[in-house]
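In: Fold the following, please.
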Amino acid sequence: MPWASFRSAFALPQLSLHSPLGDLTLTEEDDAIVALDWGWAGAQQDTALLRRARDEINRYFDGELRRFTVPVNPVGATAYRKRVWAALSAIPYGETRTYGAVARETGGCARSVGQANRFNPLPIIVPCHRVVAAADLGGFSMDGGQDTKRFLLSLETADLSGT
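Out: Below you'll find the predicted structure:
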């Protein structure tokens, strides 16, 4: 069962959209975006916040948006993951950081940063694709894996050095 369908079972407002990466679904709870999932949700609710988030994502893919402004409250957030996700959100559009650099900033290790990225419920909005390994691109756990990561970094014409 795709995450979008799983989340819709809990009756949270969701809105799906088509993107260059395939169908994506946004989920809202308590006036914040809590998840962005691959796939199309069965039930659609067209709230002002979901429309705003959809519009921001479309503007991002069109190269017109460099920083998301919608309020977010990522599901599954531990205190450490919140620190990592805040650090990811601070990485400027078109730039990258290494897992090690993010770890030094957040008090973890490169592996723990990778795990926080793996559980990021808001990919693209919380830009985990901007974190690369010291020697290569590194992993990406979302649909399409490294191809998706390359696409997003290419869209931003990111410097892959991680500096």
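
In: and this protein, what are its domains?
Out: 3-61, 79-155 (automatic domain parsing).

In: As TSV, those domains with mean neighbour count, mean pLDDT and distance to residue 71 would be great.
Out: The C-beta positions use only the backbone N, C-alpha and C, and glycine is treated the same way. Output for the domains of the chain, formatted as TSV (neighbours: other C-beta atoms under 10 Å; pLDDT from 0 to 100; distance: least, C-beta to C-beta, whole Å):
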stretch	mean neighbour count	mean pLDDT	distance to residue 71
domain 3-61	17	90	5
domain 79-155	19	92	11
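
In: Out of these, which is closest to residue 67?
Out: domain 79-155 (6.6 Å; C-beta to C-beta).

In: which residue is nearest the centroid of the protein?
Out: Nearest to the geometric centre of the chain sits residue 123, at 1.3 Å (C-alpha atoms, centre = their mean).

In: hang on, that residue packs against residue 33?
Out: No: counting by C-beta atoms under 8 Å, residue 123 stays clear of residue 33, with 11.9 Å between them.

In: Output the domains of the chain as a markdown table; include the columns distance to residue 67.
Out: Formatted as a markdown table, the domains of the chain follow (distance: least, C-beta to C-beta, whole Å):
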| stretch | distance to residue 67 |
| --- | --- |
| domain 3-61 | 9 |
| domain 79-155 | 7 |
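
In: residue ranges for the strands of this structure, please.
Out: Ranges of strands within the chain are 14-19, 22-29, 32-38, 97-98, 131-132, based on DSSP state E.

In: Could you list every helix and strand that the third one packs against?
Out: Just to be clear, that refers to strand 32-38. On a contact count with 3 or more C-beta pairs under 8 Å, 6 or more residues apart in numbering; DSSP states H and E, strand 32-38 meets helix 3-8, strand 22-29, helix 48-61.

In: and what of the fourth one?
Out: Counting contacts by 3+ C-beta pairs under 8 Å, 6+ apart, the secondary-structure elements packed against strand 97-98 are strand 131-132.

In: Give the pairing partners of the strand it packs on; include direction for each.
Out: strand 97-98 (parallel) (DSSP bridges).

In: contacts for the strand it pairs with?
Out: Residues outside strand 97-98 that contact it (C-beta atoms under 8 Å, 6 or more residues apart in numbering) are 87, 91, 110, 130, 131, 132, 133, 134, 162.
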